[in-house]
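Visitor: Predicted model, plus sequence, below.
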Amino acid sequence: MPHINLPEEYPGIRSLFMYSPVTALPLNNLVQTLMHDKETSTLTPGERELIATYTSSLNECKYCSNTHGAIAKYQLGGNENAVKEMLARNANSSEVSNKMKALLHIAQKVQQDGKKVLKTDIENAKKEGATDKEIHDTVLIAAAFCMFNRYVDGLATWAPDDPAIYDAIGKQRAEEGYMTKPFSVKSINS
């Protein structure tokens, strides 16, 4: 049960965006730029979604980890194995590149405390081929998703149990981005 009166047909952060459109706009603009726009990062949208999924999973945010895992699956051409590893918090045993593993290690440190990111973590990522921009984007995505996770869970938003809902959200966001109409569970049943 949410801590405040939220629209029931919208799960997770979407209910918060419907509740407060004035804060939804800048947050949607941020996530659109961070996660979906192709010209803003040399990381693919799928790689960025894996960082969000991993961070959200580490934060135990059911809604965000499942939603961004579903988006990542679509952005990565159906690669469910990489997503499953992020949801299980197994970045080191994942099918992703060594560069992504190094970036996910940085994301994990940001999730714990930004001050835990050490020069050696950055050097390791660069050794694996990460650019300054990719390191920057990783830190920003992990930090932003810590905020989003706390926003969603701090107000006890509704997180569906049905994997089909996350799959539908993932497909829509992967195709359309974050600035489109909000996903309503009524739309999956119609």
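Guide: Sure, I can see it.

Visitor: contacts and neighbour counts: CA atoms only from here.
Guide: Fine.

Visitor: which SSE is I141 in?
Guide: Using DSSP states H and E, I141 sits within helix 132-154.

Visitor: For that helix, buried residues please.
Guide: 134-135, 137-139, 141-146, 148-149, 152-153 (16 or more other Cα atoms under 10 Å).

Visitor: ditto for stretch 12-22
Guide: Of the residues in stretch 12-22, G12, I13, R14, S15, L16, F17, Y19 count as buried by neighbour count, 16+ other Cα under 10 Å.

Visitor: Which residues does that stretch contact?
Guide: 6-9, 23-24, 63-64, 148, 151-152, 157-159, 182-183 (Cα atoms under 8 Å, 6 or more residues apart in numbering).

Visitor: Next step: these restricted to strands.
Guide: The strands, defined by DSSP state E, take in nothing from the contacts of stretch 12-22.

Visitor: In those, find the pair that's most separated.
Guide: Pairwise distances across the contacts of stretch 12-22 (Cα to Cα) peak at 20.6 Å, for the pair T23 and A159.

Visitor: Tell me which of these two has more neighbours.
Guide: Set side by side, T23 and A159 show more neighbours around A159, with 20 against 12, by other Cα atoms under 10 Å.

Visitor: Does the more buried one touch N66 like I think?
Guide: No. Using Cα atoms under 8 Å, A159 makes no contact with N66, being 9.2 Å away.

Visitor: what residue ranges in the chain score low on pLDDT?
Guide: Within the chain, the ranges that satisfy pLDDT under 70 run 181-190.

Visitor: Can you pull out the residues in contact with the helix holding I141?
Guide: For helix 132-154, the surrounding residues in contact (Cα under 8 Å, 6+ apart) are 12-13, 16, 34, 41-43, 48, 51-52, 55-56, 59, 61, 63-64, 103-104, 106-108, 110-111, 122, 125-126.

Visitor: returning to what we had before: just the ones of the contacts of stretch 12-22 in helices?
Guide: T23, A24, Y63, C64, F148, Y151, V152 (DSSP state H).

Visitor: Lovely, talk soon.
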